[in-house]
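Asker: any chance you could fold what I've pasted below:
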Amino acid sequence: MEKHYTLITGGSMGIGLALAEEFAKNGHDLILVARFTGELLKAKEQLLPYGVEVIIKQRDLFDPQAAFDLYNELVSEGRVVEILVNNAGQGLYGLFEYTDIRRELAIINLNICSMVVLSKFFLKDMLMRGRGRILNLSSIASKSPGPWQSVYHGTKAFVQSFSEALRSEVKDRGIVITALLPGATDTDFFRKAGMEQSRIAQDKDQLADPADVARDGYKALMANADMVVSGFKNKLNVWMSNIMPDSIAADNMKSQQEPADGEV
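Answerer: Residues are numbered from 1 along each chain as shown. Have a look, this model is predicted:
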């Protein structure tokens, strides 16, 4: 009998690892993709009690060629990806005039280009089989311009629009595409983005639990939902962003994301 896998990019920590746990709890065999072998091995060990197969693949998706190589390797191994979770993503904090353009281009490659490559090839396979699911990690950042994280917010706006467009294209062909929109979550995101000093990161009590985000995403995907905003406060923020002019939404986001000490 052909074995089917759930592939999760960025699956070794944070929301990605929480999603891996959620899928494992529900009996899904997994392929986890991340940059560092050590973190992947730790994640695999953590998932062992669930009794599912966990395959790890070390790939640096900051380089889109790695996405091509990953797909080709899995095909050569005969792995069938029934569910694709495009979770890998990163941000960069700071005023755009001062941030590192090379780093920003790498983030665009990770958040957009590698996600598009994997979606293209695995979606084609799903369409040939007449079934499959894709969960894309969008963000409430997709719904509002984001001063101090202008590139990150822009990439998530792409992910959201891309997800909604693909869903419309394939909705009558047995494929489910769902966007998961978390807000600020208690992960390593803030450290990697260099934004621990931001107001939003300082308010630890308001950070979501990755397990709750993962649970919301899994339920939405299995319910064939088009999107899910995780958390009541985030739902309210998205609703507000949808009704107010972008200029006001941008100013509101600026006040949340600027440094807590007021220094630039």
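Asker: just to be sure, residue 30 is in a helix?
Answerer: No - the assignment for residue 30 (DSSP: H, G, I helix; E, B strand; the rest coil) gives strand, which keeps it out of a helix.
Asker: by contact count, what packs against the helix or strand encompassing residue 123?
Answerer: Secondary structure assignment for residue 123, by DSSP states H and E: helix 115-129. Contacts defined by 3 or more CB pairs under 8 Å, 6 or more residues apart in numbering; DSSP states H and E place helix 115-129 against strand 4-9, helix 64-76, strand 80-86, strand 132-137, helix 150-170, strand 175-181. Placement of C-beta: from N, CA and C, glycine included.
Asker: tell me which other helices or strands the third one touches.
Answerer: Other elements packing on strand 80-86 under the criterion 3+ CB pairs under 8 Å, 6+ apart are strand 4-9, helix 14-25, helix 115-129, strand 132-137.
Asker: for residue 184, find the nearest of those.
Answerer: Closest of these to residue 184 is helix 14-25, at 11.6 Å (criterion: CB to CB).
Asker: so which bits of the closest one are buried?
Answerer: Across helix 14-25, burial judged by 16 or more other CB atoms under 10 Å covers 14-24.
Asker: count the neighbours of residue 36 for me.
Answerer: Using other CB atoms under 10 Å, residue 36 has 12 other residues around it.
Asker: what residues are up against it?
Answerer: 12, 58 (CB atoms under 8 Å, 6 or more residues apart in numbering).
Asker: how about it, phi and psi?
Answerer: phi -120, psi 120 (degrees, to the nearest 10).
Asker: which pLDDT does the model give it?
Answerer: At residue 36, the predicted lDDT confidence score is 97.
Asker: partners of residue 55 in the sheet?
Answerer: For residue 55, the beta-bridge partners under DSSP bridges are residue 31.
Asker: who are the packing partners of the helix or strand bottoming out on mean pLDDT in the chain?
Answerer: Ranking every helix and strand in the chain by mean pLDDT, DSSP states H and E puts helix 199-202 at the bottom, with a mean of 74. Applying 3+ CB pairs under 8 Å, 6+ apart, one finds that helix 199-202 contacts helix 246-257.
Asker: show me where pLDDT drops low in the stretch 51-200 of the chain?
Answerer: The model of the stretch 51-200 of the chain has no residue with pLDDT under 70.
Asker: since that was my last question, I'll sign off now.
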